[in-house]
Each structure stands twice: as structure tokens, then as C-alpha cells.
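[1] No letters, just coordinates:
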């Protein structure tokens with residue numbers, strides 16, 4: 001899919017490294033420490049921008065459609081559904097609609113994976129490098145993100161996106177705290 005849809009592979013690798021770093025820091029506390037969870041984040045990182053081949057506007061929705069409806073040998077329909085939800089919710093509104101019809105456990109796990117992926121995309125928005133040098137503590141639906149001294153000032157695009165994420169995540173019951181030290 002990366003080759004077919006012209007994915008920026010270098011950026012996909014940066015997002016993957018960042019997503020896995022976020023995941024490793026919260027997986028145990030959030031009780032989502034499963035090989036399939038990690039795999040979903042890896043796969044989503046590699047293809048989340050495929051919708052750009054259709055249009056920039058709503059590319060996350062286009063990408064989700066492609067992932068869900070593509071013939072992907074080796075992937076179950078359920079895995080494709082989960083992957084498409086992560087791709088769809090990686091930016092903009094974070095609503096309950098993609099999770100409709102799922103069990104509470106499935107929905108809760110997938111929402112947490114979506115939060116992890118949203119953070120990875122936000123942290124790498126400047127497209128310069130993977131971000132792995134940060135501390136992140138998770139307690140229930142609260143995340144305390146410390147990027148180190150002056151990081152937010154040196155990365156204004158990322159800072160603006162993270163501040164917007166605070167509001168978008170709050171609507172799903174998650175709290176993102178950004179350390180200003």
C-alpha cells in the first residue's frame with residue numbers, strides 16, 4: 001500500500017518510532033500491552049497518509065475507506081476495521097461514530113490506541129525527526145506529557161497541534177497535560 005499510494009516512507013518511519021515510544025510508555029498502565037496493539041500502531045504508521053493520493057481535504061477519511069475496503073491478504077476484516085479506525089481518527093474530530101457497534105472493551109482499547117497514534121502524529125508534525133525523548137505517564141484516562149525544557153517553544157507547530165489535541169481528546173474523556181518546564 002505504501003508504494004501503491006506514494007506514502008512518504010521516511011515520515012511513516014518517524015511516526016512509527018514515535019508511536020511505539022508512546023505505546024511502550026503507556027501500554028502497561030492502560031492495560032493494552034498486546035502484540036496486536038503494537039502491530040496495529042506499526043501498520044497504521046506505515047499507511048496513515050494513503051488518503052493523500054485522493055485529496056488532501058479529509059485525507060484521513062479517504063485513507064480509512066481504502067484500508068477497510070482493500071483486499072489485504074493476511075489481514076482479517078476485523079483487523080482491517082481496527083486499522084481503518086486508527087487511520088480515520090488520527091486527526092481532527094475524535095468522535096464516537098467510528099466505534100459504534102463495538103463492545104465496550106474493544107472500543108476502550110481501540111480509543112487508547114487512537115490517542116497514542118494521535119500523539120505520535122502531533123509530535124512528528126514538523127516532519128523532521130522521530131520524537132522519543134520525552135516522559136509520559138498514564139493514569140486512567142489522564143496523560144502527563146513532559147517533552148523537556150523549551151521543547152514546546154522550539155517546536156511551535158507541534159505545540160499548537162498538541163494544544164488543540166488537549167481539547168479534542170477531552171471530548172472523548174481523555175486529559176492531556178503538557179509540562180511547561
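    Perfect, thanks for sending it. The structure presented is a predicted model; accordingly, all values stated were derived computationally and were not measured.

[2] can you tell me the distance between the two ends of stretch 99-108?
    9 Å (Cα to Cα, to the nearest Å).

[3] chain center to that stretch: distance?
    17 Å (Cα atoms, centre = their mean, to the nearest Å).

[4] List the buried residues in that stretch.
    Neighbour counts over stretch 99-108 (16 or more other Cβ atoms under 10 Å) mark 99, 102, 107, 108 as buried. All C-beta atoms are positioned from the backbone trio N, CA, C, and that covers glycine.

[5] Skip the chain neighbours and tell me the closest residue to residue 173.
    Spatial nearest neighbour of residue 173, chain neighbours left out: residue 141 (5.3 Å); criterion: Cβ to Cβ, 6 or more residues apart in numbering.

[6] for residue 44, same thing?
    residue 86 (4.2 Å).

[7] OK, contacts around the residue nearest the centre of the chain?
    Of all residues in the chain, the one closest to the mean position by Cα atoms, centre = their mean is residue 117, 1.3 Å from it. Shown in contact with residue 117 (Cβ atoms under 8 Å, 6 or more residues apart in numbering): 19, 41, 44, 45, 48, 86, 89, 90.

[8] From those, which land in helices?
    Cross-referencing the contacts of residue 117 against helices under DSSP state H gives 19, 41, 44, 45, 86.

[9] Give me the buried entries from the residues you listed.
    So, by 16+ other Cβ under 10 Å, the buried ones in the ones in helices among the contacts of residue 117 are 19, 41, 44, 45, 86.

[10] List the buried residues for the longest helix seen in the chain?
    Ranked by number of residues, the top helix in the chain under DSSP H is helix 104-123. Across helix 104-123, burial judged by 16+ other Cβ under 10 Å covers 107-123.
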